[in-house]
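*Asks:* give me the fold of what follows.
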Amino acid sequence: MKKIGELLVQHGLMSDDQVRQVLAAQKDDPAPFGYLAQKMFDIDAQAIWRCWGRQMAECLPVVDLGSLASSQEALSEISASVAWRHRALPIALNERTITLATSPERLPAVMAWAHTQLAYVIDMVLVDDDLLEQAIPERYARYGESFQAA
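*Replies:* Okay, here's the model as predicted:
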């Protein structure tokens with residue numbers, strides 16, 4: 001798996017020298033690489049999220065959405081319209097963690113949204129985008145929430 005600094009260099013967002021400077025700064029400041037890159041070199045936060053999402057997509061399981069049920073508790077945490085807008089389907093919920101399904105293409109945007117808007121630890125699984133678009137209205141309709149795709 002490529003490191004976030006390598007991905008930022010690969011996409012022309014940082015130089016090798018800037019990566020080395022951030023790594024050196026991490027010896028004194030344990031903050032995440034992306035946070036320091038943004039702070040030190042004004043790297044766009046959304047670009048960092050996109051690179052982090054690409055990095056995470058290599059690690060996350062790709063699952064058959066048909067084999068995953070969505071709990072009513074998880075669905076109640078995110079409205080159907082928000083789930084549709086972000087293409088993030090709630091699957092499971094416990095005291096501190098919510099599991100969301102999304103596609104590899106949408107992962108960076110979903111991660112950025114979920115980590116700033118949800119008060120849970122976020123657990124992600126990857127699914128086929130076409131199946132995701134079918135599943136969101138179907139699953140919310142099962143629990144009585146009306147749904148209209150925009």
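
*Asks:* quick one: secondary structure of A119?
*Replies:* Of the three states, A119 takes coil according to DSSP: H, G, I helix; E, B strand; the rest coil.

*Asks:* separation between it and Q38?
*Replies:* Using Cβ to Cβ, to the nearest Å, A119 is found at 23 Å from Q38. C-beta coordinates here come from the backbone N, C-alpha and C atoms, glycine included.

*Asks:* and these two? which has more neighbours close in?
*Replies:* Neighbours per residue (other Cβ atoms under 10 Å) separate A119 from Q38, with Q38 holding more: 17 against 7.

*Asks:* so D123 makes contact with L100?
*Replies:* Yes - D123 lies in contact with L100 (Cβ atoms under 8 Å); the separation is 7.3 Å.

*Asks:* please identify which of those two sits among more neighbours.
*Replies:* Set D123 next to L100 and count neighbours by other Cβ under 10 Å: L100 wins out with 26 against 14.

*Asks:* the more buried one in helix, strand or coil?
*Replies:* Going by three-state DSSP: L100 is strand.

*Asks:* for it, report the pLDDT, please.
*Replies:* We have a pLDDT of 97 for L100.

*Asks:* also A31?
*Replies:* On pLDDT, A31 comes in at 93.

*Asks:* report how many residues lie close to the closest residue to it other than its chain neighbours.
*Replies:* Nearest non-adjacent residue to A31, counting by Cβ to Cβ, 6 or more residues apart in numbering: K39, 7.8 Å away. The burial count assigned to K39 is 13, neighbours taken as other Cβ under 10 Å.
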